[in-house]
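In: predicted model and sequence follow; I will ask about them next.
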2 protein chains.
Amino acid sequence: MREELRANTNNGSGANFIFRLAKGLSVFNNSQLRNIIIRCSSQSFNNSYTNQDYDDKYYKRAGNAIIGTALVSWIAYKLYENKGHVQVKAATPTATTTTTVTNIGVYNPNLPNYTLEQVSQHASSDKVWVTFKQGVYDITKFVSEHPGGDQIMLAAGSSVEPFWLLYAVHNNPQVLNMLESMRIGNLSAEEAKQATSNMSDPYCNDPRRHAALKPASVKPFNAELPPSLLVESFLTPNELFYVRNHLPVPEVDVSAYELEIEAEGTKKTVILTYEELKKFPKHTVTATIMCAGNRRSEMTKVKTVKGLDWGAAAIGNATWSGARLRDVLRLAGIDEDSKEFNHVQFEGLDMDPTGKPYGASIPFWKAVDKRGDVILAYEMNGQPIPRDHGYPIRAIVPGIVGARNVKWLGKIVVSKEESDSHWQQNDYKGFSPSTDWDTVDFTKSPAIQELPVISAICKPSPGQTVTVVDNHILVQGYAWSGGGQKIVRVDVTIDGGNSWHVATFDHQDETPSPQHWAWTLWSARIPIPKGSKNIEIWAKAVDSSYNTQPESFKNIWNLRGVLSNAYHRVPAELKWKR
Amino acid sequence: MREELRANTNNGSGANFIFRLAKGLSVFNNSQLRNIIIRCSSQSFNNSYTNQDYDDKYYKRAGNAIIGTALVSWIAYKLYENKGHVQVKAATPTATTTTTVTNIGVYNPNLPNYTLEQVSQHASSDKVWVTFKQGVYDITKFVSEHPGGDQIMLAAGSSVEPFWLLYAVHNNPQVLNMLESMRIGNLSAEEAKQATSNMSDPYCNDPRRHAALKPASVKPFNAELPPSLLVESFLTPNELFYVRNHLPVPEVDVSAYELEIEAEGTKKTVILTYEELKKFPKHTVTATIMCAGNRRSEMTKVKTVKGLDWGAAAIGNATWSGARLRDVLRLAGIDEDSKEFNHVQFEGLDMDPTGKPYGASIPFWKAVDKRGDVILAYEMNGQPIPRDHGYPIRAIVPGIVGARNVKWLGKIVVSKEESDSHWQQNDYKGFSPSTDWDTVDFTKSPAIQELPVISAICKPSPGQTVTVVDNHILVQGYAWSGGGQKIVRVDVTIDGGNSWHVATFDHQDETPSPQHWAWTLWSARIPIPKGSKNIEIWAKAVDSSYNTQPESFKNIWNLRGVLSNAYHRVPAELKWKR
């Protein structure tokens, strides 16, 4: 396989690049390749984002934007064109990256000229050059500060532009200006074009989304509903369910779909088709899924955090139907009482820049527990799972953070170890408020699994004018807790906690804990003191372990802005009905 | 059985009393009676308590002390003397109740005289009279306000004194003065003596306790260590483990001990002896047990709560060995996947005033879950369980509030329903801070099972003078969370949360959640700003669900003062080492 890749290699900048890509490809497997259809057509890459995606990568200092890494997987796809079941349409080499910062990478007559070959010779850690448009940059000193670590070396000796297509976070003035500060020379116009040949938008094939979804980032697509719409129904309609993607949405040919199940340390590998998965007993759960970053936009007001600027609606509730994971693992010969395994790893069919799939893992006990209700879901609210939510198969792990509910499931590995993916090891973890990017050690905190108790006020919206009727206002929201805990009470106050009002549950499942996976929708009619003009509404929930929410973001602040479950505080203006 | 009781009945006040007692006795069963040895000798009842026991009963208003109820079980024992395996030594009739309030119940020449027979005729809800010493009281109007409900009627038409022996809470000036306000007449000295015949101290047979245990109440015995001693060892020594008893400690003849296991709705009843229980596979867990009222003394400072004034040491950690409950239930023919059962009820051999055993229940799933680790323990830290901790058998329910870890286990009932005991239905529940004794509805909150995350600072003690060495002080404490959650971080601050210091774990089990039952002992070396003289140390813990403690008691306040897990805040004075 590597030989074949080398055969495609040109002299000059391509050499190192393609070789490393070949290494990345070693993590591909036939089953995954069979699953994927790529139909991207030529398309310009438009990075007019209103929100940047910080959720996949993190950055050492707010004002110190950096060059990230990305490896455009379509190059890999192209090389595998027409092999096995993979249907690939070659991307055309017309795409370019544009930015709103116009002077970056423009030819600078005061600097020396270099060739692509010269650039490619600076691809070791001693000396790292990259290009952007006609600019040549020496980023050697920056490499050690790159939060993504060695991955930056994937771009060493070549253009950063293919990588930036995948991680749109880099396409902002801060990053570009920082890059320009490391400028050392120029490429010719022709070589600049050559450096970005074979580029296209990896997101070109993403599905269309409902207009009500408000994006936190467009590429990858991450979006939520206005909270006032969220509490309109106990089951969130599929097209309105928040979307949290880390990479482009793969398009999967279900007739070729195969799920590979491997038990590490054994020679057991089981492959199941979509139809075979549907032959297992169908199990349905109603489960809320929430992003670890839900309500991050409130925490970041205390002190800036790094991540998608989620409001209070990065959460949704649906019914999910599929095969129980424990049934599938049993068929694969895995004993639920085995002491050989500690984790079950999931790999998605969405690929990261090194060709490595999105990955996450859950504890083995949760995967096999009869009360764990983990399913390999093919239906969401009675419909085939939409593409944005993991078509054709998504691992649904009730009570566990969204990031472990892996979409477009391609492979399951039963292992002694956690997933080694970035998202398991270096993201989605909580830290002390005093831990900053200089002191953080991701090995010191456990990967988030069960989420703590949370609630939010969805009506009124912050700052909304609310009509007082019969000296009362109506407040509505949701509450939920991870780990199968049921919400037992929601308290609401408008006087800073001097008096609390117990909310009414408008919709709550009957299922008892520890298998209560769905949220609770609540409302409270709050009496308003005569003449009040402005109030601040607070809500807090209590779950069946009698855990409750912390009061303030100050004392739970963490650098990634996850676990933002402090009291929700919503200011409102009052209008008295005459 | 009732006939026999009636045969012992005198005319007059005794009639109603003994009849009701006979009804109470109907809940006794042979197995329980076989287990109990009573060896009380004649003894005066000394109620010189420093702390009153509010934990078994609750009172509508702080300043409105009331007459409680108690039924002296030794009368029952006496009646069963020498029957079956029961070994009873009769109590002698010399005990009397004394109080520090000297004028209560003293003969009052300005009031009319009544006979015991006249008093006994006022024993219906229309008219309720009781006696105390030579005083006769009309408590008719008070009956409806009695928080314990109808139980007060057990004393109707007779003396309250036998009841007050069991619930020492009544022996305080507030209650006595309140009683005296309802005074209507006198008994003769001779009849006053007759009314309290056959009384002795039901607590006379309680075991001796270690001097380091600081009582929150003496009868029943409830006591904790000074917190600074608590963190001296990961496993709390048996004799230093906090004691939380609701009633006198039964003395059980282990050779006659029998555990009855019943499945409701079936005709299955299984009886197991102590030796038979020891034949099951021996299972050992290290588990922390905590009283729901631990740290109540901090919550009550916000606003008075009703309950034992526990400090931060109503918690302990031990190894417990015994038979797995799921093994025992399987032997009793109970299918762990049964949908017939929702709860497993436990009954102690300690009896309440109606002769009903102490009772509590846990969810069925927890009882049978292979990861639940519920055991019928006969060993505590490798020794037979001490009498104060449940000899010979205690239900150990790891991760669940102490009240469900039933001591002196006499009976197990597998049922669709929760235990109907006072302690399950009308106590050990959480409420909103705005719920008071006028609005509380105990049916609206679930019985506490899993406890929320908690921590406490054990060194220094509040107000202690601490020596600053090398510009640092040492802070030590414990942290724990219910439901098998592991502590993942403890944060300590001395500047109100502006900077937090991550504590070091000095001792933590390796066991992962959801079977992490033991506490974590931690310490932190905190840097002290030059010249500081007074600080307030705060600690908060985070568990493996990333639940954390609430900040303030104000917003988690509840009328029973349970679930007191707000940040621990300890003021300290600093002494700088020269």
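Out: Perfect, thanks for sending it.
In: and the stretch 401-550 of chain A, which of its residues are near chain B?
Out: Within the stretch 401-550 of chain A, the positions near chain B by Cβ under 8 Å from any Cβ of the partner chain are A:430, A:432-435, A:445-446, A:448-453, A:482-483, A:488-489, A:491, A:497, A:499-502, A:512, A:514, A:540, A:542, A:544-550. Quick note: C-beta positions are derived from backbone N, CA and C, even for glycine.
In: switch to 7 Å and redo it
Out: Residues of the stretch 401-550 of chain A found near chain B, taking Cβ under 7 Å from any Cβ of the partner chain as the criterion, are A:430, A:432-434, A:445-446, A:448, A:450-453, A:482-483, A:488-489, A:491, A:497, A:499-500, A:502, A:542, A:544-548, A:550.
In: distance of A:Lys303 from A:Gly430?
Out: 15 Å (Cβ to Cβ, to the nearest Å).
In: which of the helices and strands in chain A ranks last by mean pLDDT?
Out: strand A:87-88 (a mean of 25; mean pLDDT, DSSP states H and E).
In: what's the following helix or strand after that one?
Out: helix A:116-120 (DSSP states H and E).
In: can you pull the buried residues of the one helix or strand A:Ala524 maps to?
Out: Element membership for A:Ala524 (DSSP H and E) is strand A:520-527. For strand A:520-527, a neighbour-count test (16 or more other Cβ atoms under 10 Å in any protein chain shown) marks A:Thr520, A:Leu521, A:Trp522, A:Ser523, A:Ala524, A:Ile526 as buried.
In: next, the contact list for A:Ala195, please.
Out: A:Ser13, A:Leu116, A:Thr131, A:Ser158, A:Ser159, A:Leu187 (Cβ atoms under 7 Å, 6 or more residues apart in numbering or on different chains).
In: turn the buried residues of strand A:520-527 into CSV, columns for pLDDT and distance to A:Ser125.
Out: Compiled in CSV, the buried residues of strand A:520-527 are given as follows (pLDDT from 0 to 100; distance: Cβ to Cβ, whole Å):
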residue, pLDDT, distance to A:Ser125
A:Thr520, 98, 53
A:Leu521, 98, 54
A:Trp522, 98, 55
A:Ser523, 98, 59
A:Ala524, 98, 59
A:Ile526, 98, 61
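In: gap between stretch A:141-148 and the chain center?
Out: Centroid separation for stretch A:141-148 versus its chain: 22 Å, with Cα atoms, centre = their mean, to the nearest Å.
In: so the residue nearest in space to the middle of chain A versus A:Cys291, what's the distance?
Out: For chain A, the residue nearest the mean C-alpha position is A:His246 (4.0 Å; Cα atoms, centre = their mean). Between A:His246 and A:Cys291 the computed distance is 11 Å (Cβ to Cβ).
In: again, but for A:Pro512
Out: 26 Å.
In: do the same with A:Lys279
Out: 32 Å.
In: ok, now A:Val106?
Out: Distance from A:Val106 to A:Cys291, by Cβ to Cβ: 39 Å.
In: these two: which has the busier surroundings?
Out: A:Cys291 (27 against 11; other Cβ atoms under 10 Å in any protein chain shown).
In: now do that one, the pLDDT please.
Out: At A:Cys291, the model reports a pLDDT of 98.
In: quick check on it: phi, psi?
Out: Main-chain torsions, A:Cys291, degrees, to the nearest 10: phi -80, psi 140.
In: burial count for the residue nearest to it when sequence neighbours are not counted?
Out: Computed as Cβ to Cβ, 6 or more residues apart in numbering or on different chains, the closest residue to A:Cys291 that is not its neighbour in sequence is A:Ala314, at 3.9 Å. Residues near A:Ala314, counting by other Cβ under 10 Å, number 27.
In: residue contacts, A:Ala314?
Out: Contacts of A:Ala314 (Cβ under 7 Å, 6+ apart): A:Glu224, A:Tyr242, A:Arg244, A:Met290, A:Cys291, A:Gly293, A:Asn294.
In: same thing but 10 Å
Out: A:216, A:222-225, A:230, A:242-244, A:289-297, A:308, A:402, A:564 (Cβ atoms under 10 Å, 6 or more residues apart in numbering or on different chains).
In: for A:Pro392, same thing?
Out: A:35, A:252-254, A:257, A:259, A:274, A:277-278, A:349, A:376-378, A:384-385, A:408-409.
In: do that again at 8 Å, thanks
Out: A:Val252, A:Val254, A:Tyr257, A:Tyr274, A:Tyr378, A:Pro384, A:Ile385, A:Trp408 (Cβ atoms under 8 Å, 6 or more residues apart in numbering or on different chains).
In: burial of A:Asp506, as a residue count?
Out: 13.
In: could you list the residues of the stretch 251-400 of chain A in contact with chain B?
Out: Close to chain B, as judged by Cβ under 8 Å from any Cβ, the stretch 251-400 of chain A has residues A:Asp337, A:Asn342, A:Pro363, A:Trp365, A:Asp369, A:Lys370, A:Arg371.
In: mind running it again at 7 Å?
Out: A:Trp365, A:Arg371.
In: the helices in the stretch 251-400 of chain A, which residues?
Out: Along the stretch 251-400 of chain A, counting by DSSP state H, counting those that start in this stretch, helices occupy A:274-278, A:296-302, A:325-331, A:364-368.
In: can you add mean neighbour count and give the ones you listed back as a markdown table?
Out: Formatted as a markdown table, these follow (neighbours: other Cβ atoms under 10 Å in any protein chain shown):
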| stretch | mean neighbour count |
| --- | --- |
| helix A:274-278 | 16 |
| helix A:296-302 | 19 |
| helix A:325-331 | 20 |
| helix A:364-368 | 23 |
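In: let's have these in a markdown table, adding mean pLDDT.
Out: Putting the helices of the stretch 251-400 of chain A into a markdown table (pLDDT from 0 to 100) gives the following:
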| stretch | mean pLDDT |
| --- | --- |
| helix A:274-278 | 98 |
| helix A:296-302 | 97 |
| helix A:325-331 | 97 |
| helix A:364-368 | 98 |
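In: using TSV, please lay out those helices together with distance to A:Leu165.
Out: Formatted as TSV, those follow (distance: least, Cβ to Cβ, whole Å):
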stretch	distance to A:Leu165
helix A:274-278	30
helix A:296-302	25
helix A:325-331	34
helix A:364-368	35
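In: need the strands for the stretch 201-350 of chain A, in chain order.
Out: A:214-217, A:222-224, A:243-244, A:251-252, A:258-263, A:269-273, A:282-290, A:315-324, A:343-351 (DSSP state E, counting those that start in this stretch).
In: just checking: what are the partner strands of the first one?
Out: The reference is to strand A:214-217. Strands that pair with strand A:214-217, judged by DSSP bridges, come out as strand A:222-224 (antiparallel).
In: now do the strand it pairs with, average pLDDT.
Out: 97.
In: what's in contact with it?
Out: Here strand A:222-224 has contacts from A:53, A:209, A:213-216, A:242-245, A:308, A:310-311, A:313-314, using Cβ under 7 Å, 6+ apart.
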